[in-house]
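Q: Here is a sequence with its predicted model. Questions after.
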Amino acid sequence: MGHRDSQLTPDDALATAEAETRRLLARYGEPSVADPPADLARRVIDGLSDLPPAHPTSRLRQIYGGVIGVCMIALLSLGVWGVLLDSSGPAHLFGDMGGGLSQLLLLLTLAAKPLINLLLTAGAATMAVIVAIIGGSWLWWQLLRRELSASLEAGV
């Protein structure tokens, strides 16, 4: 990023195009020339100074999205390992089976096994029920949001 001049300087092509446009619009009385307000520069400078500095939020969102994606992949791979291969395998990563986090992970793994087996054996019917449940939940949420926003607008 190099140093830029603080003044805008139109080149000859821009000045020629502007003059041609004004000549074409002159027969309609447009554009009517008006003097700018006397304090225009001061108002613009004052308006610019009130703006907060720009933050690179899009880059932060990409980083956070990547971190969340990596965490989700790690959790899913632990879940697949625990449900399909060895139930106590992921639990042993967090210590012995005596207590704490390893018992919680074993409990979650063993609770997920029947659900996964149901999906694998019942197949299409189970998927249809799951899609219906998710669709109904989404529809319920949309109706609830609409009612809440209507009641907030009405001031109830």
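A: Okay, I see it.
Q: going forward, measure contacts and count neighbours with C-alpha atoms only.
A: OK.
Q: ok, now which ones touch residue 105?
A: The contact partners of residue 105, by C-alpha atoms under 8 Å, 6 or more residues apart in numbering, come to 90, 91.
Q: and it, what element?
A: Residue 105 belongs to helix 101-122 when assigned by DSSP states H and E.
Q: how about low-confidence regions in the chain?
A: Residues of the chain meeting the criterion pLDDT under 70: 1-10, 31, 49-55, 156.
Q: Okay, helices next: where are they in it?
A: Counting by DSSP state H, the chain has these helices, from start to end: 12-26, 40-49, 57-80, 89-92, 101-122, 124-154.
Q: which other helices and strands contact the fourth one?
A: Read it as helix 89-92. helix 101-122 (3 or more C-alpha pairs under 8 Å, 6 or more residues apart in numbering; DSSP states H and E).
Q: From residue 154, how far off is the residue nearest to residue 83 when sequence neighbours are not counted?
A: In space, and not counting its chain neighbours, residue 83 is closest to residue 113: 5.5 Å by C-alpha to C-alpha, 6 or more residues apart in numbering. Distance, residue 113 to residue 154, using C-alpha to C-alpha, to the nearest Å: 48 Å.
Q: Which of the two has more residues huddled nearby?
A: Using other C-alpha atoms under 10 Å, the more surrounded residue of residue 113 and residue 154 is residue 113, with 17 against 8.
Q: Look up how far residue 91 lies from that one.
A: In this view, residue 113 and residue 91 are 14 Å apart by C-alpha to C-alpha.
Q: One more: residue 12?
A: In terms of C-alpha to C-alpha, residue 12 sits 74 Å off from residue 91.
Q: just residue 97 next, same as before
A: According to C-alpha to C-alpha, residue 97 and residue 91 sit 7 Å apart.
Q: so what sits against both of the two?
A: Counting by C-alpha under 8 Å, 6+ apart, the shared contacts of residue 97 and residue 91 are residue 103.
Q: Neighbour count: these two, which is higher?
A: Between residue 97 and residue 91, counting by other C-alpha under 10 Å, residue 91 is the more crowded of the two (22 against 16).
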